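# Below are the sequence and a predicted model for it; my questions follow.
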Amino acid sequence: MAEHIVPGPGRRRLGVMGGTFDPIHHGHLVAASEVAARFDLDEVIFVPTGQPWQKSHRQVSSAEDRYLMTVIATASNPQFSVSRLDIDRGGKTYTIDTLRDLRAEHPDDDLFFITGADALGQILTWRDADELFSLAHFIGVTRPGHHLADPGLPDGGVSLIEVPALAISSTDCRARVAHGDPVWYLVPDGVVRYITKRRLYRDASVPNS
Ligand SMILES: Nc1ncnc2c1ncn2[C@@H]1O[C@H](COP(=O)(O)OP(=O)(O)OP(=O)(O)O)[C@@H](O)[C@H]1O
Ligand SMILES: O=C(O)c1ccc[n+]([C@@H]2O[C@H](COP(=O)([O-])O)[C@@H](O)[C@H]2O)c1
């Protein structure tokens with residue numbers, strides 16, 4: 001387990017939580033918080049995707065709306081920050097680019113990329129999957145409704161951990177808003193208010209998943 005990895009002197013341990021965050025919800029925040037505690041991370045950087053190419057079958061909210069919701073959701077936690085890297089690079093988002101850019105920004109630190117069980121199961125379909133594991137240690141976390149397993153990553157490349165189970169998805173949050181149902185306590189209060197202010201997810205005719 002990476003919990004037992006001994007960090008080099010002066011090296012910071014940076015978690016990276018990539019996601020579309022449309023919208024960000026408490027499942028994302030609990031996963032990041034739990035991994036930060038278990039792996040003794042100094043910081044978790046949330047990285048909203050620019051264009052999530054594996055979600056091209058549905059309409060995704062604008063990058064600015066998703067970025068701002070992520071900032072609102074993480075603002076009160078001094079250990080959490082948000083990076084615009086994937087948004088500002090433009091084009092389709094590939095984690096290989098995210099990690100290369102973060103490595104260049106933090107050459108002396110150790111990176112820990114956090115993924116839910118569903119995303120981890122898809123990882124071998126990601127661009128340059130075989131190179132990913134030289135850039136970061138991967139941490140797969142449990143998610144209700146998904147089986148957490150090592151999808152065949154290189155030895156020592158991934159740790160699997162159990163986190164408090166929150167059966168929340170962005171898909172469900174969007175559907176609830178479209179149907180006029182509340183999302184209070186599924187997403188942070190500021191995010192509920194932002195969704196209302198910007199009238200996001202109102203149109204039930206737009207496919208949600
Ligand atoms: N409830 C949850 N528990 C643990 N991990 C989660 C949870 N929700 C999302 N994740 C993880 O967070 C990352 C970003 O997820 P994403 O932004 O796609 O949210 P989502 O809820 O899966 O969205 P959607 O329903 O639109 O597919 C992924 O690695 C995903 O597996
Ligand atoms: O690199 C890829 O090809 C790739 C394909 C799909 C998803 N990802 C990354 O996985 C993270 C979660 O993605 P998503 O689509 O579940 O929100 C996010 O950081 C994405 O950029 C990365």
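Structure's in. What do you need? Numbers count the residues shown, from 1 in each chain. Ligands and ions are numbered 1, 2, ... in the order given.

# okay, CA-based contacts and neighbour counts for the rest of this
OK.

# Tell me if stretch 49-64 is near ligand 1.
No: using CA under 6 Å from any ligand atom, stretch 49-64 never reaches ligand 1; the gap is at least 7.8 Å.

# Using the three-state scheme, assign the spatially closest residue to G145 that is not a sequence neighbour.
Leaving aside its sequence neighbours, G145 sits nearest to A167 (CA to CA, 6 or more residues apart in numbering; 7.8 Å). Per DSSP: H, G, I helix; E, B strand; the rest coil, the local secondary structure of A167 is coil.

# residue contacts, A167?
Counting by CA atoms under 8 Å, 6 or more residues apart in numbering, A167 makes contact with G27, R143, P144, G145.

# can you redo the residues you listed as TSV with secondary structure?
Formatted as TSV, these follow (three-state DSSP):
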residue	secondary structure
G27	helix
R143	strand
P144	coil
G145	coil
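
# Show me which of these is closest to A36.
The closest of the contacts of A167 to A36 turns out to be G27 (CA to CA; 14.2 Å).

# Please report the number of neighbouring residues for the closest one.
21 (other CA atoms under 10 Å).

# For the nearest residue to it once chain neighbours are set aside, give me the pLDDT.
Spatially, and ignoring its direct neighbours in sequence, G27 is nearest to L166 (5.5 Å; CA to CA, 6+ apart). At L166, the pLDDT value in this model is 98.

# So L166 is in contact with H28, correct?
No: using CA atoms under 8 Å, L166 is not in contact with H28, being 9.2 Å away.

# Looking at the two, which one has more neighbours?
Ranked by neighbour count (other CA under 10 Å), L166 and H28 place H28 first, with 22 against 16.

# Wait, a strand at that one?
No: per three-state DSSP, H28 lies outside any strand segment and is helix.

# Surely W53 touches K92?
Yes: shown here, W53 and K92 form a contact pair, counting by CA under 8 Å, at 5.7 Å.

# and the strand or helix carrying V16, is it in reach of ligand 2?
Secondary structure assignment for V16, by DSSP states H and E: strand 13-19. Yes: among the residues of strand 13-19, G18, G19 lie within reach of ligand 2 under CA under 6 Å from any ligand atom.
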